[in-house]
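Asks: Below are the sequence and a predicted model for it; my questions follow.
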Amino acid sequence: KAGVTQTPRYLIKTRGQQVTLSCSPISGHRSVSWYQQTPGQGLQFLFEYFSETQRNKGNFPGRFSGRQFSNSRSEMNVSTLELGDSALYLCASSYTGGVDEQFFGPGTRLTVL
Amino acid sequence: GESVGLHLPTLSVQEGDNSIINCAYSNSASDYFIWYKQESGKGPQFIIDIRSNMDKRQGQRVTVLLNKTVKHLSLQIAATQPGDSAVYFCAENSSYKLIFGSGTRLLVRP
């Protein structure tokens, strides 16, 4: 069974630009979550989607948004990029998002210059 | 590979020794806890989980202990191997999100 895939793996943007990251979950998984990982703040929850509905959202500004498609694939968008948005963005999928194992992708490394 | 964390607490152990990694969690209502291992350049990888109605669970070479009274988790790795070198995170699952601890870097000395 193929794992969680994320594209692109690396991205360089400049301040003020916007970016879209993509995540394809494991086949059959309907829950997709996004996390931001930085050396200073560690792993922080962004949002979670299940069957195209956002069920939970972390404490991030409105510049961070996401969506999920009917095939469970998910995208997250960051508008008006700031230097502090430089991070590893991780996607995780699971069957239900509750008490079941979440599988992480390799992440997208975003650098904002 | 990417740097996971520049200022993580580090546990250094001799190959073959047992390792114990500790973690405090925040939400007394959390009912599901997970340990993850993250190697450089990779996403977190599931190691073992435990539900709040248990206080101990064993896997292959790993044991997780849960103390709900003091909101504490520990991960024990038996006969630590060089391949165990990584950053280890505990996480609590609450309302469809994982809340991660700050992580511990495990270094295994040959």
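Replies: Happy to help now that I have it.
Asks: Please count neighbours and contacts with C-alpha atoms only from this point.
Replies: Will do.
Asks: other SSEs contacting the strand or helix carrying residue A:76?
Replies: Taking DSSP states H and E as the definition, residue A:76 sits inside strand A:74-78. Here strand A:74-78 touches strand A:19-24, strand A:64-68, going by 3 or more Cα pairs under 8 Å, 6 or more residues apart in numbering or on different chains; DSSP states H and E.
Asks: partners of the last one in the sheet?
Replies: Which is strand A:64-68. Applying DSSP bridges to the sheet, strand A:64-68 is found paired with strand A:74-78 (antiparallel).
Asks: How confident was the prediction at residue B:28?
Replies: For residue B:28, the model assigns a pLDDT of 87.
Asks: count of neighbours near it?
Replies: The tally of other residues near residue B:28 (other Cα atoms under 10 Å in any protein chain shown) stands at 12.
Asks: Same question for the one 3 residues further on.
Replies: One way to gauge burial is a neighbour count; for residue B:31, by other Cα under 10 Å, it gives 17.
Asks: Tell me where the model's unsure across chain B.
Replies: B:1-7 (pLDDT under 70).
Asks: Repeat the analysis, applying 50 as the threshold.
Replies: B:1-5 (pLDDT under 50).
Asks: can you give me the strands in it?
Replies: Assigned by DSSP state E, chain B shows strands spanning B:10-14, B:19-24, B:32-38, B:45-51, B:56-58, B:62-67, B:72-77, B:86-94, B:97-100, B:104-109.
Asks: Would you agree residue B:16 is in contact with residue B:82?
Replies: No - using Cα atoms under 8 Å, residue B:16 is not in contact with residue B:82, being 9.1 Å away.
Asks: And residue B:98, how close does it get to chain A?
Replies: Counting by Cα to the nearest Cα, to the nearest Å, the separation of residue B:98 from chain A is 7 Å.
Asks: so who does that residue touch?
Replies: By Cα atoms under 8 Å, 6 or more residues apart in numbering or on different chains, the contact list for residue B:98 reads A:45, B:91, B:92.
Asks: contacting residues for the second one?
Replies: Spelled out, it's residue B:91. B:25, B:33, B:34, B:35, B:36, B:98, B:99, B:100, B:101 are the contacts of residue B:91 under Cα under 8 Å, 6+ apart.
Asks: which two from those end up farthest apart in space?
Replies: Maximum pairwise distance in the contacts of residue B:91, criterion Cα to Cα, is 14.4 Å, between B:25 and B:36.
Asks: Name the residues linked to the closest residue to residue A:101 other than its chain neighbours by a beta bridge.
Replies: Once flanking residues are discounted, residue A:101 sits nearest to residue A:94: 6.1 Å by Cα to Cα, 6 or more residues apart in numbering or on different chains. When bridges are called by DSSP bridges, residue A:94 pairs up with residue A:31.
Asks: isn't residue A:3 right next to residue A:25, touching?
Replies: Yes - with contact defined as Cα under 8 Å, residue A:3 reaches residue A:25; the gap is 7.2 Å.
Asks: what's the burial count for the nearest residue to residue B:62 once chain neighbours are set aside?
Replies: The shortest distance from residue B:62 to any non-neighbouring residue, by Cα to Cα, 6+ apart, is to residue B:77 (4.7 Å). By the criterion of other Cα under 10 Å, residue B:77 has 20 neighbours.
Asks: Against residue A:105, how distant is the residue nearest to residue A:101?
Replies: 12 Å (Cα to Cα, to the nearest Å).
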